[in-house]
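>>> give me coordinates for this.
(chains A and B)
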Amino acid sequence: MSYPTDPFLDPVAIVEWSIDTGLFDIAYSAWGWPIAEIVHFTGLCLLMGTVGLYDLRMMGFFRGISLAGLHKLIPFGVFGFLLNLGSGVIFVSSSPDQYLYNPAFQIKMTLIAIAGINMAVFYATTARSLRGLSPTDAIPRAARWFAFVSLSSWMLVIAAGRVITAFRPPAWFWCAWCS
Amino acid sequence: MMDVLAWIEQTGLSRFVREDFYAYFILLIFHAWGMAMLVGGGMALSLRVLGFARSTQLVRWRMVFPIMKIGAVLAIISGLSLLAGYPAKALTNWVFALKFACLIAAAWLVAHMAKVSFDKGVEPVGLVKLQAVAALLFWVGGVASGKLLLYTNEILMTSELTGDFG
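Numbers count the residues shown, from 1 in each chain, chains lettered A, B, ... in the order given. As a prediction, the model looks like this:
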């Protein structure tokens, strides 16, 4: 079977980059892959435990816990995301054929982008209006929606990530941009 | 022991988990969601005990427990179903016991910190903070041994075993 040509992504060049940077050797060392998986899930727990909790608070749960106070935990979520990004780059760069054209991976990346854009718009438009809220004040409707989109995206990111192995090549090959 | 595992492998639930494409992956998704809620909530609590997000009232953090409990229920139901699918794989692996030891220790520490600190609204000091560090390590240990289950099993099914089980 022959694959269509990909004008944007070059899996061979990605693997070469992975080899040059040493990430490939890490991925395929004796315990490299399992350790990267542990880091990936630990990062995810940190992200969900802090950003997810903040989202739930902003959706109206846990009234009485200060929203601004809870926001102080967000840097741990950012750290968790960086752990995920680092371990994720190890996975994808060392075996791009398993990910780039995988429907679950593409959906996962789209959901991360949605979560990112949602976050950027939230901080640009709504975050400031929450500063003066007391721990028992009602949360404005717009903020509730941002929180709902954030939490749903991250939960679906976990789900999509969990099923990546179910959509392996060559049985699955998604490439909308290929010719 | 192996007779029991072999019997479990032949039950309808076990076959369903192994052979139904959707069942297996849906269980994995629920297991990941449950673990993220349980461990994520536990990590956030430990960070609060360590003194981060200090302007949130300690006594209110009890409200986070239901999220962890729902996560635990999801993780246990999906986990038991996955265990039914491949009982010998997990129950012949000491890492499986390690996973539970870590998670039980972490959960016990959280309950203990709640009793001595959250409920009284007393800002934690020395020993309690040390317990929070231990809880964080046990949560990570639970995640780590869970992930390692995929790489450390000696057998997948009892049918792979021949001869003396010892």
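>>> how about the nearest residue to the residue of chain B found nearest chain A, chain neighbours excluded?
Taking CB to the nearest CB as the measure, the point where chain B comes nearest chain A is B:Gly40, at 3.0 Å. Where C-beta positions appear, they are placed from N, C-alpha and C, glycine not excepted. When the adjacent residues along the chain are set aside, B:Gly40 lies closest to A:Gly49, with 3.0 Å between them (CB to CB, 6 or more residues apart in numbering or on different chains).
>>> re the thing from before, who's in contact with the residue of chain B closest to chain A?
A:44-50, A:52-53, B:71 (CB atoms under 8 Å, 6 or more residues apart in numbering or on different chains).
>>> distance of it relative to B:Val4?
Per CB to CB, to the nearest Å, B:Gly40 is found 35 Å from B:Val4.
>>> same check on A:Ala138?
55 Å.
>>> now the helices for chain A?
Along chain A, the segments classed as helices by DSSP state H run A:11-21, A:23-27, A:32-47, A:53-58, A:67-71, A:74-94, A:103-125, A:141-162.
>>> would you convert the ones you listed into JSON lines that also reports mean neighbour count and distance to chain B?
Below are these laid out as JSON lines (neighbours: other CB atoms under 10 Å in any protein chain shown; distance: least, CB to the nearest CB, whole Å):
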{"stretch": "helix A:11-21", "mean neighbour count": "14", "distance to chain B": "21"}
{"stretch": "helix A:23-27", "mean neighbour count": "18", "distance to chain B": "14"}
{"stretch": "helix A:32-47", "mean neighbour count": "22", "distance to chain B": "4"}
{"stretch": "helix A:53-58", "mean neighbour count": "24", "distance to chain B": "5"}
{"stretch": "helix A:67-71", "mean neighbour count": "19", "distance to chain B": "4"}
{"stretch": "helix A:74-94", "mean neighbour count": "18", "distance to chain B": "6"}
{"stretch": "helix A:103-125", "mean neighbour count": "16", "distance to chain B": "10"}
{"stretch": "helix A:141-162", "mean neighbour count": "19", "distance to chain B": "5"}
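>>> dump those into a markdown table; add mean pLDDT as well.
Shown next, in a markdown table, are those (pLDDT from 0 to 100):
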| stretch | mean pLDDT |
| --- | --- |
| helix A:11-21 | 96 |
| helix A:23-27 | 97 |
| helix A:32-47 | 98 |
| helix A:53-58 | 97 |
| helix A:67-71 | 95 |
| helix A:74-94 | 98 |
| helix A:103-125 | 98 |
| helix A:141-162 | 98 |
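>>> among the ones you listed, which comes closest to B:Ala135?
helix A:32-47 (12.7 Å; CB to CB).
>>> what angle do the closest one and helix A:141-162 make?
160 degrees (axes from the mean of the first three to the mean of the last three CA atoms, to 10 degrees).
>>> give me the distance between A:Thr165 and B:Ala32.
13 Å.
>>> one step back: and the helices of chain A: which comes nearest B:Arg54?
Taking those one by one with CB to CB, helix A:67-71 is closest: 7.3 Å.
>>> please name the nearest non-neighbouring residue to the residue nearest the centre of chain B.
In chain B, the centroid-proximal residue (CA atoms, centre = their mean) is B:Leu103; its distance is 5.1 Å. Residue nearest to B:Leu103 in three dimensions, not counting chain neighbours: B:Gly142, with 4.1 Å by CB to CB, 6+ apart.
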